[in-house]
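Q: whatever this is, show me its structure:
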Amino acid sequence: EVTIGVVGIGEKMRALPVLELVPHREFYDYDAKYTKGLTELIAPARISDELTAKSQQIALEAFVALGCEGLGRVDMHLDAEGDCWVHEINSVPGMTETSDLPHAAEAEGLAYDELVLQILETATARM
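A: Below you'll find the predicted structure:
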């Protein structure tokens, strides 16, 4: 399973690095998601550059297709054939210590406070 953060509006909308979720349990359940140390977050994901670009593009297209903008997260499963299967779009992603989005932003070299500033700038641009 991978997740892709989306930040921005209009032409400035962009996908963050693909984040690979590796639970240390059989399933990626509530505890695996919210208990520190039960899931390894790998960014960038250990996938090809081609699959990275494809999944980021699909994330952006899915986000826009549902009329979302500003900030969000698109969760996908990637199969052995290189197909991307969107299974959730979260328009209010978490911003906690165990949340996916800040980890993806960090992989892009974006500190937490810089991410928050971009979110605020995006929100004020919509006014």
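Q: what packs against the biggest strand by length in the chain?
A: Looking across the chain with DSSP state E, the single longest strand is strand 70-78. With contacts taken as 3 or more CB pairs under 8 Å, 6 or more residues apart in numbering; DSSP states H and E, strand 70-78 sits against strand 2-8, helix 49-65, strand 84-90, helix 100-107, helix 112-125. Bear in mind the C-beta positions are built from the backbone N, C-alpha and C, glycine included.
Q: I'd like the average pLDDT over that strand.
A: The average of the pLDDT scores along strand 70-78 is 95.
Q: next: stretch 83-102.
A: On average, stretch 83-102 scores 92.
Q: CA atoms of that stretch as CSV?
A: C-alpha atoms of stretch 83-102 as CSV (Å, rounded to 0.1, in the frame of the first residue of the first chain):
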residue,chain,number,x,y,z
ASP,A,83,-1.6,-0.9,-12.0
CYS,A,84,-2.6,1.6,-9.4
TRP,A,85,-5.9,1.0,-7.5
VAL,A,86,-7.2,4.1,-5.6
HIS,A,87,-9.1,2.9,-2.5
GLU,A,88,-9.4,6.1,-0.5
ILE,A,89,-9.2,9.9,-0.9
ASN,A,90,-8.8,11.7,2.4
SER,A,91,-9.6,15.4,2.1
VAL,A,92,-8.7,16.0,5.8
PRO,A,93,-5.4,14.1,6.3
GLY,A,94,-3.8,13.9,9.7
MET,A,95,-1.0,16.1,10.8
THR,A,96,0.2,14.2,13.9
GLU,A,97,3.5,12.5,14.7
THR,A,98,2.3,9.3,13.1
SER,A,99,0.5,10.8,10.2
ASP,A,100,1.5,10.0,6.6
LEU,A,101,1.4,13.5,5.0
PRO,A,102,4.1,15.1,7.2
